[in-house]
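Undergrad: sequence unknown, structure follows:
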């Protein structure tokens, strides 16, 4: 039971880091990346649908995304969804494909993006610490039940703290890498 607490904590911490990585991918860093459109939902015949389920998305150039819908009738709906999104991009279409030009980022925009990245990183670290707190609470419950020695509980708390440190460092590294990517012109 006590080992299960550590394993559960580690799995939840991994999931927090993975979610953070997905958030970072969807940020616009001056380069075209198909994952920027992952959050965009299109009203396709009354059903909210991800753009990636309606079209092929490619980045033929560093600052261009091309969206090729499988159903040409969906072009207007996809354009509408992109315009409504917080990406701030203006789609153009030729009746066959939608093109999205990714504008060059200004210094101010880069700095604001770095702030967003740091905020997301802080939220990821909070999620990891919350997992640690939940794990420690479970250990306290096990301790009260009296099934485990004080040494076992303490050792497991230390393991959970080590895991927390590892995953917090990983988030810090990801924030630093994304910051460099954003600030490089």
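TA: Nice, thanks for sending it over. From a predicted model like this one, the values you see are computed outputs, not experimental measurements.
Undergrad: Tell me the buried residues in stretch 58-70?
TA: 59, 65-67, 69 (16 or more other C-beta atoms under 10 Å). Yep, even glycine has a C-beta here, placed from its N, CA and C like the rest.
Undergrad: Let's have those in JSON lines, adding distance to residue 182.
TA: Shown next, in JSON lines, are the buried residues of stretch 58-70 (distance: C-beta to C-beta, whole Å):
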{"residue": "59", "distance to residue 182": "17"}
{"residue": "65", "distance to residue 182": "18"}
{"residue": "66", "distance to residue 182": "23"}
{"residue": "67", "distance to residue 182": "24"}
{"residue": "69", "distance to residue 182": "30"}
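Undergrad: from these, which ones fall inside strands?
TA: Judged by DSSP state E, the buried residues of stretch 58-70 include 59, 65-67, 69 as members of strands.
Undergrad: could you pull out the helices for the chain?
TA: Under the criterion DSSP state H, the chain carries helices at the ranges 2-25, 75-84, 107-145, 150-183.
Undergrad: so who does the residue nearest to residue 25 when sequence neighbours are not counted touch?
TA: Excluding the flanking residues, the one nearest residue 25 by C-beta to C-beta, 6 or more residues apart in numbering is residue 35, at 4.2 Å. By C-beta atoms under 8 Å, 6 or more residues apart in numbering, the residues touching residue 35 are 22, 25-26.
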